[in-house]
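1. What follows is a predicted protein model with its sequence.
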Amino acid sequence: MAVARPKTLRQAKASYATNSELAWWIFMRVSGLALIFLIFGHIFMNNIQINVSNVDYAYVATRFSKGWVKVYDSFLLGFAMLHGANGLRYNVEDYFKNPQRRFWAKLILFSVVAIVFVLGVMTLWAFSFEEMGDAIDALPHGN
């Protein structure tokens, strides 16, 4: 018989023995709500505000040259990665009964999450999209 997960803050405080589990429980609710607004904002800015057929490298380079877009997308990436990783951590806790296998599964999970997050943030912040756009425009276009 599966144990029911707490649905309210009071139930979570009563059922979780450590403060870290309570913090993760709260984070899942807050990040889920934040992700709804971030994702709908992303969809609005990229699919509704402009015609999707007009999206090309110049549009993306112009968009990513703005600092607020990089911050916005960094938050979107961070919340999505942490929210998804924590959900997978719950599954690892449920399905890996052997403590050693559970440890290695979580180590692999968090390593992959960290690598993807670092690469994503580096892609957003390290490249000069304006310079790359100028370089692409300078390439000869075959007709």
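-> That came in fine, so what should we check first?

2. Which pLDDT does the model give the residue lying closest to Phe96 once chain neighbours are set aside?
-> Leaving aside its sequence neighbours, Phe96 sits nearest to Arg102 (C-beta to C-beta, 6 or more residues apart in numbering; 3.9 Å). All C-beta atoms are positioned from the backbone trio N, CA, C, and that covers glycine. According to the prediction, Arg102 has pLDDT 93.

3. Likewise for Val3?
-> 57.

4. just Trp24 next, same as before
-> Value for Trp24, per-residue pLDDT: 84.

5. Could you report the neighbour count for it?
-> 17 (other C-beta atoms under 10 Å).

6. For the residue lying closest to it once chain neighbours are set aside, give its distance to Val92.
-> Excluding its sequence neighbours, the residue lying closest to Trp24 (C-beta to C-beta, 6+ apart) is Asn86, at 5.7 Å. Distance, Asn86 to Val92, using C-beta to C-beta, to the nearest Å: 10 Å.

7. can you check Leu33 too?
-> Taken as C-beta to C-beta, the span from Leu33 to Val92 is 24 Å.

8. the more surrounded of the two?
-> The residue with more neighbours, out of Leu33 and Val92, is Val92; 16 against 11, by other C-beta under 10 Å.

9. ok, then the element right after the helix or strand that one falls within?
-> Val92 is part of helix 67-95 when elements are defined by DSSP states H and E. Of the helices and strands lying after helix 67-95 in sequence (DSSP H and E), the nearest is helix 99-126.

10. thinking again about what came up before, in the helix holding Val92, what's buried?
-> 70, 72-73, 76-83, 85-86, 88-89, 92 (16 or more other C-beta atoms under 10 Å).

11. got the angle for it vs helix 99-126?
-> 170 degrees (axes from the mean of the first three to the mean of the last three C-alpha atoms, to 10 degrees).

12. From Glu131, how far off is Tyr72?
-> In terms of C-beta to C-beta, Tyr72 sits 22 Å off from Glu131.

13. Please apply the same query to Tyr59.
-> Taking C-beta to C-beta, one finds Tyr59 at 16 Å from Glu131.
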